[in-house]
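In: have a look at this prediction, sequence included:
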Amino acid sequence: MERTIVVGIDGSACSRVAVDWAVGEARLRGLPLGVAHVSSLSAEEALAIWPYCREPAPDALVKALAEDHPALRIEGVDLTGETVPALLSAGTRADLVVLGMRGAGGFAGLAVGSVAHGVAALGNRPVVLVPDRAAVGGRSPRAVTVGIDARRPAAAALSFAFDAAERRGALLRVVHAWRLPSSAEQWMPFALPEEDRGAWEDQEVQQLSDVLRPWREKHPHVRVNEDVRLKSPSSALVQASACAELLVVGRTGTSLGPTLHAVVDHTECPVAVVPS
């Protein structure tokens, strides 16, 4: 079974940004790239109404990309049916599925489209959602960030993040968000003694360090920054996305949940959603 990367297109500007990101990732991994477009019409139906109702097809884009990147094998993938199921099917055996955060059917102010949300929530392979602002300057070069819960670390997300950092020669920032324990409420409305807060934070730092020890040993060439934040997970990860080229998050079940939904809504860099 051949390994590949699949990127979805729909003619929107955001999907073109996703294609550019996918090309870079395919070159980085040395994998072929499948450029997928989903049509609600069969080939015969599309031909019958052409040229009055034309849908974007990957052929022209594939040709242009092949000319720009001759060392990369790029193929068009024509799909028919409902968009989310079709992309999920195409991505079942892919190393990675890449999508723009929102497509041509979205509206101004919409951060995450239904297709991106559906594929990220249901996919059995990692899905990278690329915002149309992914190329904004000012972020730290070669930095990958992964968010984990040190009490319930997602092995798949950590594996993906360490691999991504290693391929890029990047710093890996591991963000663990924590909250004060319920016993801290006894001090309300007064300020929490600094020594108590410091002791709790030390426990969180040690827990994260213990979780990462075997991963550091497995990837000795990856520089790791352990980042423990007294914040909500969504707030910590969105803030961390401002200085990362890729943000990696784990997903359990078949839903993004409120934390991941907030992250993909407000991220400032591409987000890799990795199913457990």
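Out: Sure, I can see it.

In: quick one, strands of the stretch 1-150 of the chain?
Out: Counting by DSSP state E, counting those that start in this stretch, one finds strands in the stretch 1-150 of the chain at the ranges 5-8, 33-39, 74-80, 96-100, 127-130, 143-147.

In: run through the residues that contact residue 148.
Out: 154, 157, 158, 174, 175, 176, 208, 211, 250 (Cβ atoms under 8 Å, 6 or more residues apart in numbering). (Glycine included, C-beta is placed from N, CA and C.)

In: list just the nearest of these to residue 95.
Out: Checking the contacts of residue 148 against residue 95 with Cβ to Cβ, the nearest one is residue 157 at 15.2 Å.

In: show the pLDDT at that closest one.
Out: For residue 157, the pLDDT comes out at 97.

In: all helices for this structure, in order.
Out: Along the chain, the segments classed as helices by DSSP state H run 13-29, 43-49, 58-68, 83-90, 114-122, 155-168, 194-218, 233-241, 257-266.

In: check whether residue 121 really touches residue 252, as I assumed.
Out: No: Residue 121 lies out of contact with residue 252 (Cβ atoms under 8 Å); the separation is 11.0 Å.

In: where among the helices of the chain is the average confidence lowest?
Out: helix 43-49 (a mean of 53).

In: ok, and what's touching stretch 233-248?
Out: Stretch 233-248 is contacted by residues 128, 139-147, 149, 157, 160-161, 164, 168, 170, 173, 175, 177, 227, 229, 231, 249, 258-259, 262-263, 266-272, 274 when judged by Cβ under 8 Å, 6+ apart.

In: need the buried ones from these selected in PyMOL.
Out: To isolate the buried ones among the contacts of stretch 233-248 in PyMOL, judged by 16 or more other Cβ atoms under 10 Å, type:
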select buried, resi 128+143+144+145+146+147+149+157+160+161+164+168+170+173+175+177+227+229+231+249+259+262+263+266+267+268+269+270+271+272+274
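
In: include distance to residue 16 and mean pLDDT when you put the strands of the stretch 1-150 of the chain into CSV, please.
Out: What follows is the strands of the stretch 1-150 of the chain, written out as CSV (distance: least, Cβ to Cβ, whole Å; pLDDT from 0 to 100):
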stretch, distance to residue 16, mean pLDDT
strand 5-8, 10, 95
strand 33-39, 11, 91
strand 74-80, 14, 89
strand 96-100, 8, 96
strand 127-130, 10, 96
strand 143-147, 23, 95
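
In: can I get those in JSON lines with distance to residue 22?
Out: Converted to JSON lines, those look like this (distance: least, Cβ to Cβ, whole Å):
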{"stretch": "strand 5-8", "distance to residue 22": "4"}
{"stretch": "strand 33-39", "distance to residue 22": "6"}
{"stretch": "strand 74-80", "distance to residue 22": "10"}
{"stretch": "strand 96-100", "distance to residue 22": "4"}
{"stretch": "strand 127-130", "distance to residue 22": "8"}
{"stretch": "strand 143-147", "distance to residue 22": "17"}
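
In: quick one: which of those is nearest residue 20?
Out: Of all the strands of the stretch 1-150 of the chain, it is strand 127-130 that lies closest to residue 20, at 8.4 Å by Cβ to Cβ.

In: starting at the chain centroid, how far to the closest one?
Out: Counting by Cα atoms, centre = their mean, to the nearest Å, strand 127-130 is centred 4 Å from the centre of its parent chain.

In: what's that strand packed up against?
Out: helix 13-29, strand 96-100, helix 114-122, strand 271-275 (3 or more Cβ pairs under 8 Å, 6 or more residues apart in numbering; DSSP states H and E).

In: so which of those is the most surrounded?
Out: Of all these, strand 96-100 carries the top mean neighbour count, a mean of 28, counting by mean count of other Cβ atoms under 10 Å.
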